[in-house]
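J.: Give me coordinates for this.
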Amino acid sequence: MSNKLYVGNLSYQLEESQLESKFAEFGSVESVRIIKERDSGRSKGFGFVEMSSSEEAQECISNLDGQELDGRGLRVNIAQEREK
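T.: Model prediction:
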């Protein structure tokens, strides 16, 4: 199992540091990236969090999927590879 997570339904005002803090409650966070629009720099409402192990990633899914953060219910699952 992968340790890279897709995180959807993010508030557009949420900062990467806030997202990292939330996920750090369940293990070591390797990286956090909120995807932004190229032209405006505005958040697209989703991002990726990489945990240090697949066990920690599963713990995040179990505890954070559906949980409210900054007024929105998070969607957390294993990130899928992008099809070409």
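
J.: Pull the number of nearby residues for residue 12.
T.: 12 (other C-beta atoms under 10 Å). In short, each C-beta sits where N, CA and C put it, glycine included.

J.: how many other residues sit next to residue 31?
T.: Taking other C-beta under 10 Å as the criterion, the count of residues near residue 31 is 11.

J.: buried set for the strand or helix carrying it?
T.: When elements are assigned from DSSP states H and E, residue 31 belongs to strand 29-36. Burial within strand 29-36, assessed by neighbour count using 16 or more other C-beta atoms under 10 Å, is assigned to 29, 32, 34.

J.: Relative to residue 48, how far out is the first one?
T.: As defined by C-beta to C-beta, to the nearest Å, residue 29 lies at a distance of 11 Å from residue 48.

J.: Could you do the second one as well?
T.: Residue 32 sits at a distance of 8 Å from residue 48 (criterion: C-beta to C-beta).

J.: Test my guess that residue 50 contacts residue 5.
T.: Yes - under the criterion of C-beta atoms under 8 Å, residue 50 makes contact with residue 5 at 7.3 Å.

J.: Who has more neighbours out of the two?
T.: Set side by side, residue 50 and residue 5 show unequal neighbour counts under other C-beta under 10 Å, the larger going to residue 5 at 23 against 18.
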